[in-house]
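Q: Sequence first, predicted model second:
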Amino acid sequence: MMKVAALVVVAALAVAAVVAPEPSQPVPLPPSPQATAPYTVCPLGEAARRTTALTFLEAARDTTISIFSAGDVPVEAAIEVSEEGTSALELSEITGLALAPVLVPQGTPPSAVETILQGGGVAAAPCQPGSPDAQVLLGGSTAEGHTYTISLANPFAGAATVDIAAASEVGVESEPALSGIVVPPRSLIAVDLHSILPGRQAISAAIVTHQGRVVPGAVHDTGSDISATAGLIAALDWYLPAPALEGVGRTLVLFAPGTTEAPFQIDVYGPDGLLEAAYEDVIPAQSQITIPVGDLLEGAGAIRVLSANPVAAALRFSGDGANAVVPGSSAASPSWRLSGAGRLGDSVVHVFNPGDVEVTAELQSGTGRPITSVAVPPQTLVQVPITARPVGGRLEADGDVVVTWTTNTENGLAGDLADPLAPG
Amino acid sequence: MSALPSENAEVTEELEADASRQTHTSSVVAVVSVVAGVDPQPTLDAVARQDYPLVEVRLIGTETEGTPSGIVMSHDLAEVVAGLDPSVEYVWVLHGDARPRPDALKALVTEANRFEASLAGSKLLVGGTLDTLESVGSATDVFGEPYTGLDEGEVDLEQYDVVRDVAFVSSVSMLVRRDLLRGLGGIDQKLAPVAAGLDLSQRVRIAGGRVIVVPSSEVFHDRRCGRGDGGWREQSGRMRAMLKAYRPITLIWMVPLAILTGVADSLISLLLGRWRLAPRYLLTWGWNLVNLPSTIAARRSIARVRQVGDEELFRYQVRGSVRLRQVGSELSDRLLTIFDDDSTVTRRAAEIWSSPTTWAIVGVLFLLLIGMRSLFLTGLPVVGHALPFGDASTALSRFVGGWNASGLGSAAPVHPVTGPTGVATLVVLGNEELARSLVTLGAFVVGIFGVGRLAQRLGVGGPGAYLGGAAALFGLPASILATDGRWSALIGIGILPWALASVVGSPAIGRRRWLGQAGLATFFTGLVACFVPVLGIAPLLFAVGLKLTGRFRPRLLVSLVGTMAAVVAVPYLVSRRDVLMDGVPIRIDAHPLIVALVAVTLLLAMIARSWRAGTIAGALTFGGLAGSHFVGPDIQEGLLAIAAVGLGLVVAAALRRGERNIFGWAGLAGGVVVFIVSLAGLAGGRGGLPPDTWGDRIGFVTLGATGVERALLIAPDPYGLPGESRPGPGFWYRLIDSRGPTLDQAILPPPGEGDDALASTVELITSGATLRPGAELAEFGVRWLVGTDQTSELIGPTLQAQIDMNTFPFAERLVVFENTVVRPVAVTEGGVPWQAAGSGFRGDPTDERVLLAYNGDPGWGPDWQPDEWAGTVSGRDGEAVYRRVGVEAVLVWAGTVISVLGLAVGIWGRRT
């Protein structure tokens, strides 16, 4: 009897060893939500050939900027910030470096920082933190007499390796010199695209990062004016306010950085209201397409680009003595910061209401003082003038809008997308 | 003369000279030295019976009363020699307790003349016996320790009967040339008899004379004058003899070596229960110091007659230390007696190679060598919890209640494995890798014998039990532990069968024997608890289980006493109470087919062999395996170690010899299959452990360190990191210090405020919210951030956009960033790093305070003050130390002392 009991006990234990549930596998904590980048980079700073001004909105009081060059940080300077958080700085005050990319630490909320270039024309471009995704530089040209220089800034501790995937009217460019570009730590590499790929009437490029991180920017000099652009991250939906400037042509530039083609449609918000699917086409993979806005829209209005695959979109303004590229916005927002507006002179703020309800927008100075208030009817672009000032202002609306600004001076044309807060 | 047979001229000449010597009668004076309390008359009578003419017989002694008539009594040999007529050729020195055979002197004189020897000694036979040898001349080691080459009680079968040169002859009976004796100043009166013979022999040899032993001269010796090693006076005398004889260049190395040898001899003898050695060595050196002036004077005298160098003395010496060889042999005999319960190896040495058990052991040991071959080729891997030992003194100080520096530090006890591994490192003079290899190999060897012993105690012993040992060490449960890198648990498997066997078996006969059993149970319980803390209770539970099963003879009281030693692990287990049933589990990968195979084999063995032993084996194997699914890793280790020993018993039961019916044959086949399947663990050659992960690959963490610094290791799962880790955002992480991963850092103590701060910092960094992660990590002393290659997606993007951690491209299959703003763990406010000193820190004294990047604890000093999650101490003393004696330290000390005492008592108890 005892033997049988022992056999049963042992057999039961053996069964238990097989059927016992596996110990629960350990799991780590959920991944950290990605925070807003604690810095921004202005790759287009120059202190010799041109005058570069940096404009700050909502900057932290103890902001210290760093200029990095050739693996070192030769300049660190604390900026003077007003009680309202505004500041403007000309780089020539703190350095004489010809190429003076700037690293700006960010607080909470992050400040809006704009690079304003003067010399051989005027231009404006936002400072950005860069991205591991492809960053697209739109609206360049290497036609005769033009220069188009891409700046790859790496303020970080690790080296970066990137490819420049360029496309022009001849299609996808294939140039070994644009592959495997190593950007050492705390350094900037300037790539003269007009030397490598000369004679392109319209050229755009995607900066594809393989290792590390770079913050790209580009300056296009037509000989009579300059434009500056920062990297755009491709998206499926773009809003582009399209002001009508006298004597200035408008071109919509689209670029598909992905490896698949991107079918798209263009909705036009003109004086006659919304015209959906006014234009449809397909952007080949890693290619650009340029569309004259005049073919779609007469006068001021706005354009919406809807794409099946991610694309980047911008409006290029060009004409006699005018050259500017204003990127589109992939989202609408009720709050916008216009850090550089007014820095180059009297400017115009373009407010587009993509919604179906009228929106009231209040334009404020950089210190928060109201300047003016306008009603923006649905699906309509409204233009609000703003006088010259060291640092731009803000715009607060009671609905989602898209805001850009332009400054048209005798030195040239400049413009940029405003910096959205709490998008969508 | 005409009868001389040879036609060879040289030989003929030699034979003629020989014949001449034999016919020549040398004049000899006999000198008998009186032994205190011994009547010299029998010696004088024996001298009188000699068949060789003596010129005169003299006595040496201090008391003239009772001196036989006609015998002149002198005070010492020098006085005798000084007064002898120059025509006397030899002096025959005899002890007053010696009785020479009638032809003893004749043989001595004849051979001395024949070999032109200056000193000739007799063969000594023990008085009162017919043929027991005492001495046939002796060799010594370099320290003067005699080596006779004779076994105790060895019978004279004329096996040594050849005249030969020897290192020395005893002064009990020796013939020495008068002129040489006079020139050398006679016998050193300060020396005991054997030492005196050694001394005179060496002086004779240095003076160019030959020292021979003449076995045909037989003398019975009553040993009333003192025996062989004769206490500290003999030892002192031998040392004096060597101090007198050697040249200075020899003394320079001989004296320190002699001191070291004495220390080693004393320590080993302590293990054998002999405490008198150390005082004896002290007396020896003290006596020689007191007599140093006369020794120096004697050296001067010898220098005047020296003809040969020390090399001539070395020729007749044995290599090494005779004392160490003797105690080493004795110690190994004792240990073998402990391990070899059925005396397979020792008592039945003659039958050893005809025993199947022996061949099973040899075979298993051969397999073991295969399974552990990496030990000899590349060393053990550094993976999981299989980590290098680290510095011995630091480890031991942490073991006995010092600061636990694992992670960000804690007052919580370290894993008790730190103790025995620290001792092992200490024993091999700090060679950590050697200690690790020896402990591993030793535990596996011991484990094989242990399973054999346990199986025998449970009635299923025999050759198969040793194969069961291999199954225990490499089979399924051991494989589960090894795959997880649980090194200490594998060692625990080796020790556990000894702890279990110590609580089962025949009851003790006599109190001493019982104490011996209890002592060994205590030792093994304490030892196994050090490696696998929860197993401290296993012997007691095992004994209780056996009691319930019946028939077996558990030693309940012994197990109860033995469990006392488990207190060594109690502080650790208390500190782990939150994770005993939780924590990161050991991955149980038990294929159902293998479990079924073991189960069927066991059931067959239970039917065909021993159902009781089978029940025990089954309960251990399957109970351990099943239970390990429901508990935390500390208890899992214990249960799987138990299951491993159980599996060994399953194989032992299945392979046990017995009646061969269908069940028996099937069980045997099952046992063989289980054994073969278990050998899969041999494949890697690392004792089942995975390949090295954290060894040489992170050797770079020591680069550039200005003080104690840390590395933050990151992996997508906790099994990819050395030791324990903490969950982070999307990955697991842990800190190690700049020594690299070591065993005392394997277990992370309960998290403190610093750990919470570190968790927040890790979260901050991985969210990409800081541009300067290096500055954030510097607060924790982190120089290196090291991720496995699988973590590049997790940490790479965020760490690409920062400005104070450089990428380090030279690490293999790792993502590494080096902090450019590192701050060592201990650093002054001015930034001067302090260096590690034991478990504390040391630096130049300063008025500044010293920041310690450890979880704050007031046990640090001097003048500890909190500083956020960490603390600072005063720099004035130039050191930062941790002193805190809590109940944990007391328990660890108590457990250690009990275990060591247990071993001593266990050995003492078995000497019966």
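A: Looks like it arrived, so ask away.
Q: interface residues of the stretch 151-300 of chain A facing chain B?
A: Proximity of the stretch 151-300 of chain A to chain B (C-beta under 8 Å from any C-beta of the partner chain) is limited to residues A:P155, A:F156, A:A157, A:G158, A:A159, A:A160, A:P185, A:R186, A:Q211, A:G212, A:R213. For the C-beta atoms, the positions are set from N, CA and C on the backbone; glycine is no exception.
Q: Just the buried residues from the residues you listed, in PyMOL please.
A: If you want just the buried ones from those in PyMOL, going by 16 or more other C-beta atoms under 10 Å in any protein chain shown, the selection is:
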select buried, chain A and resi 155+156+157+158+159+160+185+186+211+212+213
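Q: Which members of the residues of the stretch 151-300 of chain A next to chain B are positioned in strands?
A: Using DSSP state E, the members of these that fall within strands are A:A160, A:Q211.
Q: Just want to check the distance between B:G774 and A:L417.
A: According to C-beta to C-beta, to the nearest Å, B:G774 and A:L417 sit 34 Å apart.
Q: Kindly report the same for B:V832.
A: From B:V832 to A:L417 the distance is 52 Å (C-beta to C-beta).
Q: neighbour-wise, which of these two wins?
A: Comparing B:V832 with A:L417 by other C-beta atoms under 10 Å in any protein chain shown, the one with more neighbours is A:L417, at 26 against 17.
Q: Am I right that the more buried one is in contact with A:V325?
A: No - using C-beta atoms under 8 Å, A:L417 makes no contact with A:V325, being 10.1 Å away.
Q: remind me which residues of chain B are low pLDDT?
A: Low-confidence segments of chain B (pLDDT under 70): B:1-24, B:63-67, B:69, B:224-230, B:332-355, B:911-912.
Q: any idea which residue sits dead centre in it?
A: By C-alpha atoms, centre = their mean, chain B has its centre lying nearest to B:V427, at 6.9 Å.
Q: how about it, what does it touch?
A: B:A435 (C-beta atoms under 8 Å, 6 or more residues apart in numbering or on different chains).
Q: From chain A, how far out is it?
A: According to C-beta to the nearest C-beta, to the nearest Å, B:V427 and chain A sit 37 Å apart.
Q: What is the neighbour count of B:G452?
A: For B:G452, using other C-beta under 10 Å, the count is 32.
Q: Doesn't it belong to a helix?
A: Yes - using DSSP: H, G, I helix; E, B strand; the rest coil, the assignment for B:G452 is a helix.
Q: if I read this right, it contacts B:A470, doesn't it?
A: No - at 10.4 Å, B:G452 does not count as touching B:A470 under the criterion of C-beta under 8 Å.
Q: Now do the shared contacts for the two.
A: Residues touching both B:G452 and B:A470 (C-beta under 8 Å, 6+ apart): none.
Q: Against A:L7, how distant is the most far-flung residue of chain A relative to its centre?
A: The outermost residue of chain A relative to its centre, with distances by C-alpha atoms, centre = their mean, is A:M1 at 84.4 Å. From A:M1 across to A:L7, the span is 11 Å (C-beta to C-beta).
Q: Next: B:R223.
A: The gap separating B:R223 from A:L7 is 67 Å, by C-beta to C-beta.
Q: Same question for A:V81.
A: 84 Å.
Q: Report the contact partners of residue 293.
A: The chain I'm using is chain A. A:V293 is in contact with A:A242, A:R250, A:T251, A:L252, A:I303, A:L315, counting by C-beta under 8 Å, 6+ apart.
Q: Leaving out chain neighbours, which residue sits closest to it?
A: Nearest non-adjacent residue to A:V293, counting by C-beta to C-beta, 6 or more residues apart in numbering or on different chains: A:R250, 3.7 Å away.
Q: same question, A:D356
A: The shortest distance from A:D356 to any non-neighbouring residue, by C-beta to C-beta, 6+ apart, is to A:P378 (4.9 Å).
Q: Was I right to think the one you found contacts A:G399?
A: No - the pair A:P378 / A:G399 is not scored as a contact, 9.0 Å apart, by C-beta under 8 Å.
Q: so what sits against both of these two?
A: Both A:P378 and A:G399 are in contact with A:N353, A:G355, A:V357, A:E358, A:V359, where contact means C-beta under 8 Å, 6+ apart.
Q: May I see the PyMOL selection of the buried members of the residues you listed?
A: Command for PyMOL that selects the buried part of the shared contacts of A:P378 and A:G399, burial taken from 16+ other C-beta under 10 Å:
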select buried, chain A and resi 353+359
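Q: got the shared contacts of A:P378 and A:G399 as JSON lines, with secondary structure columns?
A: Shown next, in JSON lines, are the shared contacts of A:P378 and A:G399 (three-state DSSP):
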{"residue": "A:N353", "secondary structure": "strand"}
{"residue": "A:G355", "secondary structure": "coil"}
{"residue": "A:V357", "secondary structure": "coil"}
{"residue": "A:E358", "secondary structure": "coil"}
{"residue": "A:V359", "secondary structure": "strand"}
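Q: check the shared contacts of A:P378 and A:G399 against chain B, which are close?
A: Applying C-beta under 8 Å from any C-beta, the subset of the shared contacts of A:P378 and A:G399 adjacent to chain B is empty.
Q: got the phi/psi numbers for the residue nearest the centre of chain A?
A: In chain A, the centroid-proximal residue (C-alpha atoms, centre = their mean) is A:L232; its distance is 4.4 Å. When read as degrees, to the nearest 10, the backbone of A:L232 gives phi -110, psi 140.
Q: how much space between the residue lying closest to it once chain neighbours are set aside and chain B?
A: Setting aside the residues directly before and after it, A:L232 is nearest to A:A312 in space (C-beta to C-beta, 6+ apart), at 4.1 Å. To chain B, A:A312 is 21 Å away according to C-beta to the nearest C-beta.
Q: Hmm, A:A312 is touching A:L254, no?
A: Yes - the criterion here is C-beta under 8 Å, and A:A312 meets it with A:L254 at 7.2 Å.
Q: neighbours of the residue nearest to A:D356, just the number please.
A: Look at A:P378: counted by other C-beta under 10 Å, it has 15 neighbours.
Q: Give me the three-state assignment for it.
A: Counting by three-state DSSP, the backbone at A:P378 sits in coil.
Q: Now do the same contact list for it.
A: Shown in contact with A:P378 (C-beta under 8 Å, 6+ apart): A:N353, A:G355, A:D356, A:V357, A:E358, A:V359.
Q: So what does residue 129 look like in phi/psi?
A: Here I'm looking at chain A. Backbone dihedrals for A:P129, given as degrees, to the nearest 10, come out at phi -90, psi -10.
Q: wrong one, chain B
A: phi -120, psi 170.
Q: Then A:V9?
A: Dihedral angles of A:V9 (phi, psi; degrees, to the nearest 10) stand at phi -60, psi -50.
Q: I'd say it and B:G614 touch.
A: No - under the criterion of C-beta under 8 Å, A:V9 is not in contact with B:G614, lying 10.5 Å apart.
Q: Compare these two and say which is more crowded by neighbours.
A: Neighbour count, other C-beta under 10 Å: between A:V9 and B:G614, B:G614 has more, with 29 against 15.
Q: Can the one helix or strand that one maps to be said to contact chain A?
A: Assessed by DSSP states H and E, B:G614 sits inside helix B:611-627. Yes - using C-beta under 8 Å from any C-beta, helix B:611-627 comes into contact with chain A via B:W611, B:R612, B:G614, B:T615, B:G618, B:A619, B:T621, B:F622, B:G623, B:L625, B:A626.
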